[in-house]
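Engineer: 3D, please:
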Amino acid sequence: MRIMIVTDQYPPMVGGVPMATRGLAEDFANRGHQVWVLAPSYGPRDARRLEHKVRVYRFSSFEWPTYEGLRIPFLPFMPVRNLIKKSDPDIIHVHSPVVLGNIAQILAGGLRKPVIATNHYLPINMSRSLATDPLLGKPFNNISYSYLVHFYNRCEYVTAPTQTALNLLYKHGLRAPAKFISNGIDLKKFTPGPRDPEVLRRLNLPEDRPIILHVNRLSEEKRIDVLLNAVPKLKNKAHVALVSTGPAEQELRAMVERLGIDDRVSFLGFVRDGDLLPLRRSSALFTIPSEADLQSMATMEAMACRLPVIAANIHALPELVHHEENGFLFQPGNSEEMASYIDRLLEDEALRERMGEASLEIVSKHDRGQVLEQWEELYRRLAIEFKEAKERRQQLRMMRKYSGYLPPELQHMQRTRIRRTGNL
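Structural biologist: The predicted structure is shown next:
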């Protein structure tokens, strides 16, 4: 198939959406499909290159002033239109309902191309301060969802990575055909393994303390502050390893210094895959206090390495973390409760082993191979249905043009279409 993926977030930007879109593009290319990715550039010029069999087209952009790393393209209508016409994709898959996603959707209608959209966003991703404000929070959330749902209702099909994420769209008026499809992970790559003291030495982590691992963008809505506030409350002298970077890093470093826990927290920044996998295997548990995840790929990767998880009980995280089965759920923002669960796990090796095995069982349903098969089946079905509908419209126009009369059954089809779409 010929697949076009459109996203405003793509590597080298750090985060779950860039990781998910790149993984999907490269996996499809490795399965023999032709794949194009449309994304912002990291400079004033357009660029294109072949990246791991994927044709990546980047359009000149500027940095979003309130979200570090997010780039906004300069409305490249004609270049995108020309690329769609030239590549002639069977399906256009939009992952960001912002600039490039809107452009692709607008142009796809005129060029008769089916559009699938996947929702990765919550209002809190756009602004935590507004989303959680006592007075402005509800109006801001409603406006954000009104925009998202309006965009998705103009697509042929909508997906979300979890049932929770999909239900949030239904709650705010989604009418387009939809289903949830996990982002998935490569269970051949992420597997359990022995503890690796060498990687701990290489990353300057203590070998004589249990490692509490956290992998997520260091931004306000990810609530790393809750984890840091839990550290002084721990009875166990564990060490926290924070992997990734983000706009809140300086503030979090200042918080570590203020709490006097410099010797118990490490900011590791970007960690290459060759070290991150053994680091997961060398950790005692994984934590995710985030209030802004519709599905956490980092959590799934930790689970695949047989780690128990302590997570905030909010949005889609309970779909991965089953309380007292493969980990614990704590009230969002409650660092004392989080600390108590960390201590409980660190003090009971048998419990960690049992919960780690449960993590393996739960994450097995998210194998990337199965996920890709779901996408391929959906792409093919929509492409066929869209083509058949296009042919029916052409037949109706021809019959009207040359005969001036439609049989009763075709008149009924035409009236039905007009009621549903408002046009012939």
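Engineer: please make it C-alpha for all contacts and neighbour counts, starting now.
Structural biologist: Noted.
Engineer: roughly how far apart are L227 and G16?
Structural biologist: 20 Å (Cα to Cα, to the nearest Å).
Engineer: and what of L372?
Structural biologist: 17 Å.
Engineer: and stretch 296-310, average pLDDT?
Structural biologist: For stretch 296-310, the mean per-residue pLDDT is 96.
Engineer: neighbouring contacts of that stretch?
Structural biologist: Applying Cα atoms under 8 Å, 6 or more residues apart in numbering, the contact partners of stretch 296-310 are 16, 183-185, 187, 190-193, 215-216, 280-281, 283-289, 317, 320-321, 326-330, 338, 341-342, 352, 355-357, 359-360, 363-364.
Engineer: mind listing which of these are in strands?
Structural biologist: Assignment to strands by DSSP state E places the following of the contacts of stretch 296-310 there: 215, 285-288, 327-330.
Engineer: could you redo those as JSON lines and give each row pLDDT, neighbour count and distance to Q105?
Structural biologist: What follows is the ones in strands among the contacts of stretch 296-310, written out as JSON lines (pLDDT from 0 to 100; neighbours: other Cα atoms under 10 Å; distance: Cα to Cα, whole Å):
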{"residue": "V215", "pLDDT": "96", "neighbour count": "26", "distance to Q105": "33"}
{"residue": "L285", "pLDDT": "97", "neighbour count": "26", "distance to Q105": "42"}
{"residue": "F286", "pLDDT": "98", "neighbour count": "25", "distance to Q105": "39"}
{"residue": "T287", "pLDDT": "98", "neighbour count": "26", "distance to Q105": "37"}
{"residue": "I288", "pLDDT": "97", "neighbour count": "25", "distance to Q105": "34"}
{"residue": "G327", "pLDDT": "98", "neighbour count": "27", "distance to Q105": "41"}
{"residue": "F328", "pLDDT": "98", "neighbour count": "24", "distance to Q105": "41"}
{"residue": "L329", "pLDDT": "98", "neighbour count": "23", "distance to Q105": "39"}
{"residue": "F330", "pLDDT": "98", "neighbour count": "20", "distance to Q105": "40"}
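Engineer: what's the closest of those to W64?
Structural biologist: V215 (23.5 Å; Cα to Cα).
Engineer: which parts of the longest helix anywhere in the chain are buried?
Structural biologist: For the chain, the longest helix by residue count, based on DSSP state H, is helix 368-403. By neighbour count with 16 or more other Cα atoms under 10 Å, helix 368-403 contains the buried residues 368, 371-372, 379, 382-383, 386-387, 393, 396.
Engineer: I'd like to know how far the residue nearest the centre of the chain sits from M255.
Structural biologist: For the chain, V17 is the residue whose C-alpha lies nearest the centre (Cα atoms, centre = their mean; 3.9 Å). The spacing between V17 and M255, counted by Cα to Cα, is 28 Å.
Engineer: lowest-confidence helix or strand of the chain?
Structural biologist: helix 128-131 (a mean of 56; mean pLDDT, DSSP states H and E).
Engineer: if anything else comes up later, I'll come back, but that's it for now.
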